[in-house]
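# give me the fold of what follows.
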Amino acid sequence: MWTATRWTAVFAEQAGLFRTAVATADLAADVPSCPGWTFNDLSLHVARFLHTATRYLTSGSIVELRPVPVRRDVDPLKYLDEQLAAANQVLRNTSGNRPVWTFSPAAPDLAWVWHRRVAHELNLRRWDAQAALRTLTPTDREQAADAIDELLGTLLAARLRGDSAPASLSAADGKGTAVVSCTDGAQSWHVRFAPGVVPEVRSAAPDEQADARLSNRTANVLYQLWSRMQLTGSGDLAVLRALRMS
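All right, here's what the predicted structure looks like:
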């Protein structure tokens, strides 16, 4: 089972891989999977994200907090190291059942939602950094499956909160259904979109029909949904695109 402790372990592993990748990169070099970003931008993004997550976990705020501006003269790697260290400590010391504001109407206001988000965000950004350097480490299948579950069950709904979402998400305009499944595991999801409401996500029944279908190895499904790989699904293209994060 996934727990706050297990997500914290994933964070620690992915944070180490990310920091190693950044250390070998030219901070001015482009990160192709994040158009317009350099390694400097990627490092600052991760540091700001971790700063945000740890503020919620340490404050226990049950309302959304105002973002803390970053000084223009900040050293990106120093700031990153400070936030990686802080997150490591805070995640380990915070109970997953602590009440705290979270970013999605489909998620409970409990700290474990942040533990999960931090773990999978660091995996994604590790992938971005390693892909730019052509030194990709394979993604653990169970970890990828849980990240897909988070994306479909939590992050799709975060679109309804606009700027409050942890990533830049564009809302799905129409309605339709999709089945997402893993060819190297038993996980499958049925997603139903309707305008203006939280997507309905549940386990898909065997051979369940839908307007669109995405099926591939678990890690490939994850990175296709995060727009890091070409979408290889079938059926209604608009519904497939509605599944994707940018």
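# please make it C-alpha for all contacts and neighbour counts, starting now.
Will do.
# thought residue 52 was touching residue 87, still the case?
No: under the criterion of Cα atoms under 8 Å, residue 87 is not in contact with residue 52, lying 9.9 Å apart.
# just the strands in this protein please.
176-182, 188-193, 200-203, 212-216, 234-235 (DSSP state E).
# residue 87 and residue 52: which is more packed in?
residue 87 (26 against 18; other Cα atoms under 10 Å).
# list the contacts of the more buried one.
50-51, 53-54 (Cα atoms under 8 Å, 6 or more residues apart in numbering).
# what is the nearest of the residues you listed to residue 209?
Of all the contacts of residue 87, residue 53 has the smallest distance to residue 209: 38.2 Å, by Cα to Cα.
# neighbours of residue 210, just the number please.
Using other Cα under 10 Å, the number of residues around residue 210 comes to 18.
# ok, it - contacts?
Contacts of residue 210 by Cα under 8 Å, 6+ apart are 176-179.
# quick one: residue 31 and residue 127 touch, right?
No: Residue 31 is beyond contact range of residue 127, at 10.5 Å (criterion: Cα under 8 Å).
# among the two, which residue is more densely surrounded?
residue 127 (25 against 21).
# any chance of the contacts of residue 210 in CSV, with distance to residue 106, neighbour count and pLDDT too?
Listed next are the contacts of residue 210 as CSV, based on distance: Cα to Cα, whole Å; neighbours: other Cα atoms under 10 Å; pLDDT from 0 to 100:
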residue, distance to residue 106, neighbour count, pLDDT
176, 19, 19, 96
177, 18, 20, 97
178, 18, 27, 98
179, 19, 25, 98
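# export stretch 215-233 as PDB, just CAs?
Extracted as PDB, the C-alpha positions of stretch 215-233 are listed here (Å, rounded to 0.1, in the frame of the first residue of the first chain):
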ATOM      1  CA  SER A 215      -3.100   1.600 -23.500                       C
ATOM      2  CA  ASN A 216       0.600   1.100 -23.200                       C
ATOM      3  CA  ARG A 217       3.300   0.200 -20.700                       C
ATOM      4  CA  THR A 218       2.700   1.900 -17.400                       C
ATOM      5  CA  ALA A 219       5.600   4.400 -17.600                       C
ATOM      6  CA  ASN A 220       4.800   5.200 -21.200                       C
ATOM      7  CA  VAL A 221       1.200   6.000 -20.200                       C
ATOM      8  CA  LEU A 222       2.400   8.300 -17.400                       C
ATOM      9  CA  TYR A 223       4.700  10.300 -19.600                       C
ATOM     10  CA  GLN A 224       2.100  10.400 -22.400                       C
ATOM     11  CA  LEU A 225      -0.400  11.900 -20.000                       C
ATOM     12  CA  TRP A 226       2.200  14.400 -18.900                       C
ATOM     13  CA  SER A 227       2.800  15.400 -22.500                       C
ATOM     14  CA  ARG A 228       6.400  14.100 -22.400                       C
ATOM     15  CA  MET A 229       5.800  11.400 -25.000                       C
ATOM     16  CA  GLN A 230       3.700  11.300 -28.200                       C
ATOM     17  CA  LEU A 231       0.100  10.300 -27.500                       C
ATOM     18  CA  THR A 232      -0.600   6.900 -29.000                       C
ATOM     19  CA  GLY A 233      -4.300   6.300 -28.000                       C
END
